[in-house]
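Enquirer: Show me how the following folds:
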Amino acid sequence: MKNKEKLERLEKANEFIEVVSGCGRRFFYNNGVIAKFVLSEHGRVFLVDEWTQKKVYTHIDNQEWKNFSGGGTLKGLIIALREFIMHGQRLSAWRFRPVLPNGFENPWGYGNDILIVHDAAIRIGVAKKIDACAR
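Expert: Residues are numbered from 1 along each chain as shown. Modelled structure (predicted):
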């Protein structure tokens, strides 16, 4: 049962990655290739990178990832999605707003397309809806 739930969450994370790759700066997309999550036979989460097309081991947080072509913002997103896949821990939808709770502009550079990403994250179920009063 647990592995079935993990696979379902992996599918949701991959659906979300497809949305991210289809708008804005098209992160996770390169020349017709979209990054995707896969599980090892032992249930560990890997990302197949869209540029290198190689597996990236995502369970090391404080080191550079071999074969990963993204930067720190994307690495943070991958780590959060890994935790969603592994444990069902949903992301905060604040991550996908034009202005963050601290008043800074979103670092993605997606312009208004970040709202497409925001809505998809909630619809797909990888992020929890923002409480209008929470900051």
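
Enquirer: which regions of this protein sit below the pLDDT cut-off?
Expert: 1-2, 131-135 (pLDDT under 70).

Enquirer: rerun at 80
Expert: Applying pLDDT under 80 to the chain picks out residues 1-2, 100-101, 130-135.

Enquirer: List phi and psi for K55.
Expert: phi -70, psi 140 (degrees, to the nearest 10).

Enquirer: For it, list each beta-bridge partner.
Expert: V48 (DSSP bridges).

Enquirer: in terms of contact, does it touch V45 like I think?
Expert: No: contact criterion CB atoms under 8 Å: K55 and V45 do not qualify, at 10.2 Å. Yep, even glycine has a C-beta here, placed from its N, CA and C like the rest.

Enquirer: overlap in contacts of the two?
Expert: Counting by CB atoms under 8 Å, 6 or more residues apart in numbering, the shared contacts of K55 and V45 are V38.

Enquirer: More neighbours: which of those two?
Expert: Set K55 next to V45 and count neighbours by other CB atoms under 10 Å: V45 wins out with 24 against 14.

Enquirer: Give me the distance between that one and K54.
Expert: Per CB to CB, to the nearest Å, V45 is found 15 Å from K54.

Enquirer: Can you give me the buried ones in stretch 72-81?
Expert: Within stretch 72-81, the residues that qualify as buried are 74-75, 77-81, counting by 16 or more other CB atoms under 10 Å.

Enquirer: Check stretch 82-89 too.
Expert: 82-86.

Enquirer: Inside strands: which ones of those?
Expert: Among the buried residues of stretch 82-89, DSSP state E puts none in strands.

Enquirer: Fine by me, we can end here.
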